[in-house]
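Asker: quick check, what structure comes out for this input:
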Amino acid sequence: MKKYDVIIIGAGASGAFASYEFTKLNSNLKVLIIEKGNSIEKRICPIKAGKVESCIGCIPCNIMNGFGGAGTLSDGKYNITTNFGGDIHNYIGKEKAIELMEYVDEVLCSFDDGESKLYTTKSSNLKTVALRHDLHLLEAKVRHFGTDRNIEILKKMYEYVKNNIEIKFNTCCSEVEKNSKGEYIVTTDKGEEFACNHLILASGRSGSKWISKICKQFNIGLLSNQVDIGVRVELPAEVFKHITDEVYESKIVYLTKEYNDLVRTFCMNPYGQVVAENTNGIITVNGHSYANPEFQSENTNFALLVSNRFTEPFKDSNDYGESIAKLSNMLGGGVLLQRFGDLIKGRRSDKKRMEKCFTIPTLKATPGDLSLVIPKRQLDSIIEMIYALDKIAPGTANGDTLLYGVEVKFYNSRVEVDENFETAEKGLYVVGDGGGATHSLSQASACGVYVARYLNSLLKS
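Answerer: You can find the predicted model right below:
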């Protein structure tokens, strides 16, 4: 049995940046990463490659898994803030959290051949305009690389770490046990066994169920978290141009009048594309955007999400979100698409109505009726938010605005960890989105850096 100082499960944002930091620190630690997805050069979605028109359920999904995690083929947007995107500051302090996110930004820029712009919402006039209509713009600095450049950046990061960190791709961790020596024994789906004294679980949102299973096995506390349910909105880029040109990513929060529910914009992609992604066999929707004008569309897309927090005795928030996504998959064979005008009139979008639509969809999806999928409360809140956004971006509530469903943001139950992200089980750490403490690329990456520095210092002393 091969032994390591540290084993990391998952090569997503946290795992990738932990591997970078171990390498940069010139650590002599033996580190192994186990990743169920492909190496970065093999992460090609057949839809984007033009081989198929809709999701065929690849296992593993190249959009969700592989080096860099779900963030690799995203739009390459990093929000430097503690106002949203997780609660890492509750563990390490706000000042340290911002410092680490700034460090992550420096690392990414060092691997970037182009000139990316750092946007800020702090001095934006949009905040004032939004407040006049009871909309709240959250402050953040936003670095956007684009899907194309983000992939190249992470390829260079992989080249930087690959000779120092051992990585096993297309490999799943099936079991974790602890022997009489206090070592963690990791068994893979290939029957391999590896031992370590320090184990980092960094499997991201797609590994949330697996992390919960491991935590229950070791009697590690889990706190119920939320699930966000909504739609991906797509409209002509001109509608939001005055906003995206100034701040790029506008995180706008609205409290609905009817239900007092929080609705927020999420993951705004100017001149971008809507994409499908496969999370544990369930097809949901997301958005990407490119830096290269040749790959850009004429549309902007963003999510509208309604936050759902449940009280006792219900604890299965992710199962609730999955059940709604399954309805969409059942009715549409994947992603459903509906014109906003058809939704308001209580009729399904069909092929004929879509042929007359002035907004050309960037994702091939099944025309249908989202009211048959999304619960009334969430759908009413989304509609109210669209009309509110129309006041600061006239045209948002046009009949030809497209709604894709469903978009679901799954959060792992929050794992009980200390200020070093170590659980009550000594030597077992849970980092990034999989632990429920971070919900963004910047915070997940910063979390990986923090734990790598901590372990490097601990094991050298």
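Asker: what's the helix or strand for the residue nearest to residue 146 when sequence neighbours are not counted?
Answerer: Excluding the flanking residues, the one nearest residue 146 by C-beta to C-beta, 6 or more residues apart in numbering is residue 291, at 2.9 Å. Bear in mind the C-beta positions are built from the backbone N, C-alpha and C, glycine included. Using DSSP states H and E, residue 291 sits in no helix or strand.
Asker: and residue 175, which of the three is it?
Answerer: Here residue 175 is recorded as strand under DSSP: H, G, I helix; E, B strand; the rest coil.
Asker: leaving out chain neighbours, which residue sits closest to it?
Answerer: For residue 175, the spatially nearest residue (C-beta to C-beta, 6+ apart) is residue 187, at 4.2 Å.
Asker: let me see the contact set for the residue nearest to residue 146.
Answerer: Going by C-beta atoms under 8 Å, 6 or more residues apart in numbering, residue 291 touches 76, 114, 116, 144-149.
Asker: what bridges to residue 229?
Answerer: Beta bridges link residue 229 to residue 306, residue 408, judged by DSSP bridges.
Asker: what's the neighbour count on the spatially closest residue to residue 117 that is not a sequence neighbour?
Answerer: Distances taken as C-beta to C-beta, 6+ apart place residue 144 nearest to residue 117, at 6.8 Å, with adjacent residues excluded. Residues contacting residue 144 under the criterion other C-beta atoms under 10 Å number 23.
Asker: so residue 144 sits right up against residue 119, yeah?
Answerer: Yes. Distance between residue 144 and residue 119: 7.1 Å, which falls inside the contact criterion (C-beta atoms under 8 Å).
Asker: what do those two both touch?
Answerer: Taking C-beta under 8 Å, 6+ apart as the contact rule, residue 144 and residue 119 both touch 248-249.
Asker: next, residue 104: phi, psi?
Answerer: phi -60, psi -40 (degrees, to the nearest 10).
Asker: hmm, residue 443 and it touching each other?
Answerer: No. In this structure residue 104 lies outside contact range of residue 443 using C-beta under 8 Å: 9.0 Å.
Asker: follow-up on the earlier one: does the residue nearest to residue 175 sit in a helix, a strand or a coil?
Answerer: Here residue 187 is recorded as strand under three-state DSSP.
Asker: distance of the residue lying closest to residue 65 once chain neighbours are set aside from residue 84?
Answerer: Across the structure, with C-beta to C-beta, 6+ apart as the measure, the residue nearest residue 65 apart from its sequence neighbours is residue 37 (2.8 Å). Applying C-beta to C-beta, to the nearest Å, the value for residue 37 to residue 84 is 27 Å.
Asker: determine the number of other residues adjacent to the residue lying closest to residue 185 once chain neighbours are set aside.
Answerer: If the residues on either side of it in the chain are set aside, residue 185 comes closest to residue 177, at 4.7 Å by C-beta to C-beta, 6+ apart. Residues contacting residue 177 under the criterion other C-beta under 10 Å number 13.
Asker: going forward, the N-terminal residue is numbered 13.
Answerer: Yep, numbering from 13; the last one is residue 189 now.
Asker: what's the pLDDT at residue 135?
Answerer: You'll see residue 135 listed with a pLDDT of 67.
Asker: check the one 5 residues further on too.
Answerer: Note for residue 140: predicted pLDDT of 92.
Asker: got the domain boundaries for the chain?
Answerer: 14-132+153-235+426-472, 239-422 (automatic domain parsing).
Asker: quick one: end-to-end distance for the shortest one.
Answerer: Read it as domain 239-422. Terminal residues of domain 239-422 are spaced 5 Å apart (C-alpha to C-alpha, to the nearest Å).
Asker: can you check the longest one too?
Answerer: Length of domain 14-132+153-235+426-472, first residue to last, C-alpha to C-alpha: 21 Å.
Asker: again, but for stretch 69-83
Answerer: Using C-alpha to C-alpha, the end-to-end distance of stretch 69-83 comes to 19 Å.
Asker: show me how far it is from its chain's centre.
Answerer: From the chain centre to the centre of stretch 69-83 is a distance of 12 Å (C-alpha atoms, centre = their mean, to the nearest Å).
Asker: quick check: mean pLDDT of it?
Answerer: Taken as a whole, stretch 69-83 carries a mean pLDDT of 88.
Asker: buried sites along it?
Answerer: By neighbour count on 16 or more other C-beta atoms under 10 Å, the buried set for stretch 69-83 is 70, 72-83.
Asker: which strands or helices does the lowest-mean-pLDDT helix or strand in the chain pack on?
Answerer: For the chain, scoring each helix and strand by mean pLDDT, DSSP states H and E identifies strand 234-235 as the least confident one, at a mean of 84. Counting by 3 or more C-beta pairs under 8 Å, 6 or more residues apart in numbering; DSSP states H and E, the packing neighbours recorded for strand 234-235 are helix 220-229, strand 426-427.
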